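1. the following block contains a protein sequence and its predicted model.
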Amino acid sequence: MIVFKFGGASVKNTEALKNAVNITKTFEGPLVIVVSAMGKTTNSLEELWAAYLIKDVKGVEHTLDKLYKFHAGLIADIGNETQRCNDVFSESFNELKRQLTKEPSEHKAFEYDQIVSFGELWATLIFSEALKISNVNCRWIDARKTIRTSNHYQNARVDWLKTKALVNDRIITRFKQNSSLACIVTQGFIGHTNTGMTTTLGREGSDFSAAILAWALEAKEVFIWKDVPGLLNADPKEFDGPLKIDKISYKEAIELSYFGASVIHPKTLKPLQNKNIPLRIKSFIDPESSGTIIQSDESSDANQPSYIYNKNQLLISISPKDFSFIMEDHISEIFNLFSKNGLKVHLMQNSALNFSVCANMKKAMLKNLIEELSENFNVKYNENVDLLTIRQYENHVFPEKLKKKNILIKQRTRSTLRYVLN
Ligand code: ASP
Ligand code: MG
C-alpha cells in the first residue's frame with residue numbers, strides 16, 4: 001500500500017487536477033490518496049467562518065458565492081459525465097448554507113471545524129470524479145468516519161488505536177473485497193470525535209493525515225507532491241541557488257524543523273519514523289525527478305550543510321541586580337516569566353553574571369515581560385536581530401548577503417553552527 005498526498009496547489013485548477021490524475025495513473029496501486037482543499041479554499045472558508053460569527057450576512061453571501069463558482073467551475077471543466085458530481089456537490093454546498101442560517105454558538109473553534117472542513121470534502125469529491133473520468137477505479141471515503149480524534153476543535157488529537165481499527169474496516173477491507181480497486185481518495189486535515197462531530201487537525205494538517213493513514217495501514221511509502229523539487233538546503237526566498245537534499249534521516253529532518261526550517265512538520269514525521277515508513281517529497285511539476293527521501297538511515301545527513309535563517313528575532317540579556325551569579329534559581333524564575341509571556345527560546349548563552357537568549361515572541365507581550373523581568377534583573381534587549389543556523393556546517397560557505405552584519409553571538413556544537421547577527 002502506498003499513500004499519496006496532494007496539497008492545495010497540486011489541485012488548484014483544471015490543468016493541475018489533470019496532472020495529478022496522470023501522476024496517479026503511473027502507479028499501480030493499491031493507493032490511498034489524501035487531498036487537501038483546492039487552491040486557497042481554506043483561507044476563503046476561514047473568511048466565511050469569521051463573517052458568520054459576526055453575523056455579516058453580506059460577507060457570508062459574498063464568500064459563499066466565490067466558493068460556489070470556483071468549485072462548480074472546476075466540475076464543469078473536468079468533463080461531461082459530471083452530473084453525479086454536480087448533484088453531490090450541490091447537496092453538500094446546501095448543507096453548509098443551512099448550517100450558516102443557524103445562530104452561531106459560543107464555541108468558535110467548534111464552528112470553525114464544521115465550516116472549514118468543507119474544503120477537503122469538495123476537493124476529494126472533485127478529484128475522485130476526475131479519476132473516474134480517466135477510468136481509474138477509485139472510491140471516495142469520508143475521513144470523518146476514519147480518523148478518530150479528541151474534541152479539541154481546530155487542533156484535534158488523534159486516537160491512534162481507534163483510528164487503526166476504523167482504517168482496517170473502511171480501507172483495508174475494501175481493498176480486500178475488491179481486487180480491481182486501484183485507489184481510495186480521502187480528505188486530509190479533518191477527522192471526527194466519538195460522538196461523530198467533525199474536527200480539524202490544525203492548518204496545513206493534511207501531511208499529518210497522510211502520515212496517520214500510512215501508520216495505520218502499515219504503508220510501504222508515503223509520497224507528498226509539491227511545487228518544489230524536494231527539500232531544499234536553504235529558503236529560496238532568502239538565498240540564491242539552494243540545493244536539493246536527496247536523502248535525509250527522520251532525525252535530521254526533525255532537527256531542521258526544530259531550528260526553524262519549513263521542512264515537514266515533526267508531527268508528520270513521528271508516526272512514519274515509528275513504523276519506518278519512508279517519506280518521499282516529489283515535484284508534481286516534474287514527477288520523474290528523484291525528489292527527497294526521508295527515512296531512517298543517517299549516513300547521508302552530513303553530506304551538505306543546511307542554512308536556516310530566522311529574521312526579526314529578539315535578543316534579551318539578563319543580569320541579576322545584586323551582582324550575584326546566574327544560578328539555577330534565577331534561571332527557573334526567568335523561564336517561568338518566559339513561559340508565562342509566550343516567549344519561545346531559540347538559543348541561550350550564559351556567563352557568571354549574564355544570561356542571554358535569542359527568541360521569538362508576540363510583540364504585544366514584550367512590554368509585560370520586560371517589566372516583570374526588571375523587578376529582579378537588569379534587562380537589555382534588541383528587537384531586530386537575525387539568527388542564522390547552519391546544520392552540518394563542515395563545508396559551509398557563509399552567506400554573502402550576511403557578511404556585512406555584526407556577529408553578536410557565535411555558538412558551535414558538533415553538528416550545528418549558529419550566529420546571532422545584527
Ligand atoms: N487545507 C488545509 C490548510 O490549508 C490543510 C492543508 O492544506 O494541509 O490548512
Ligand atoms: Mg490547504
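-> Arrived safely, thanks for sending. Not measured: the values here are computed from a predicted model. Numbers count the residues shown, from 1 in each chain. Ligands and ions are numbered 1, 2, ... in the order given.
2. okay, now residue 304: neighbour count?
-> 17 (other C-beta atoms under 10 Å). All C-beta spots, glycine's among them, are computed from the backbone N, C-alpha and C.
3. looking at it now. What's its pLDDT?
-> Predicted confidence (pLDDT) for residue 304: 93.
4. for it, which non-adjacent residue is spatially closest?
-> Distance criterion C-beta to C-beta, 6 or more residues apart in numbering; nearest residue to residue 304, sequence neighbours excluded, is residue 233 at 5.7 Å.
5. how close does the one you found sit to residue 245?
-> Counting by C-beta to C-beta, to the nearest Å, the separation of residue 233 from residue 245 is 6 Å.
6. now do the shared contacts for the two.
-> Residues touching both residue 233 and residue 245 by C-beta atoms under 8 Å, 6 or more residues apart in numbering: 304, 306.
7. circling back to that earlier point, assess the claim that the residue nearest to residue 304 and residue 248 are in contact.
-> No - using C-beta atoms under 8 Å, residue 233 is not in contact with residue 248, being 9.7 Å away.
8. before we move on, back to that, report the contact partners of the residue nearest to residue 304.
-> With C-beta under 8 Å, 6+ apart, residue 233 has these contacts: 242, 243, 244, 245, 304, 305, 306, 307.
9. and the helix or strand containing residue 359, what does it pack against?
-> Here residue 359 is covered by strand 355-360, with elements defined by DSSP states H and E. If you count contacts as 3 or more C-beta pairs under 8 Å, 6 or more residues apart in numbering; DSSP states H and E, strand 355-360 packs onto strand 306-320, helix 328-340, strand 344-350.
10. any chance of a markdown table for those, columns mean neighbour count and distance to residue 49?
-> Shown next, in a markdown table, are those (neighbours: other C-beta atoms under 10 Å; distance: least, C-beta to C-beta, whole Å):
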| stretch | mean neighbour count | distance to residue 49 |
| --- | --- | --- |
| strand 306-320 | 20 | 29 |
| helix 328-340 | 14 | 30 |
| strand 344-350 | 16 | 27 |
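11. near ligand 1, which residues of the protein?
-> 7, 8, 36, 37, 42, 119, 188, 189, 203, 204, 205, 206 (C-beta under 6 Å from any ligand atom).
12. which of these sits closest to residue 229?
-> Ranked by distance to residue 229 (C-beta to C-beta), the residues of the chain next to ligand 1 are led by residue 7 at 15.0 Å.
13. who's in contact with the closest one?
-> So, once contact is read as C-beta under 8 Å, 6+ apart, residue 7 ends up touching 36, 206, 207, 224, 225, 226.
14. skipping adjacent residues, who's closest to the first one in space?
-> Once its chain neighbours are removed from consideration, residue 36 has its nearest residue in residue 206; the separation is 3.7 Å (C-beta to C-beta, 6+ apart).
15. report the secondary structure state of residue 85.
-> helix (DSSP: H, G, I helix; E, B strand; the rest coil).
16. surely it meets residue 125?
-> Yes - contact status for residue 85 versus residue 125: in contact at 6.3 Å, counting by C-beta under 8 Å.
17. where's residue 194 relative to residue 211, distance?
-> Note on residue 194: its distance to residue 211, by C-beta to C-beta, is 22 Å.
18. what about those two, which has more around it?
-> Comparing residue 194 with residue 211 by neighbour count (other C-beta under 10 Å), the higher total belongs to residue 211, at 30 against 11.
19. check which helices and strands the helix or strand hosting the more buried one sits against.
-> Assessed by DSSP H and E, residue 211 sits inside helix 206-217. Helix 206-217 is packed against strand 2-6, strand 31-35, helix 160-167, strand 183-187, strand 221-226, helix 266-274, with contacts defined by 3+ C-beta pairs under 8 Å, 6+ apart.
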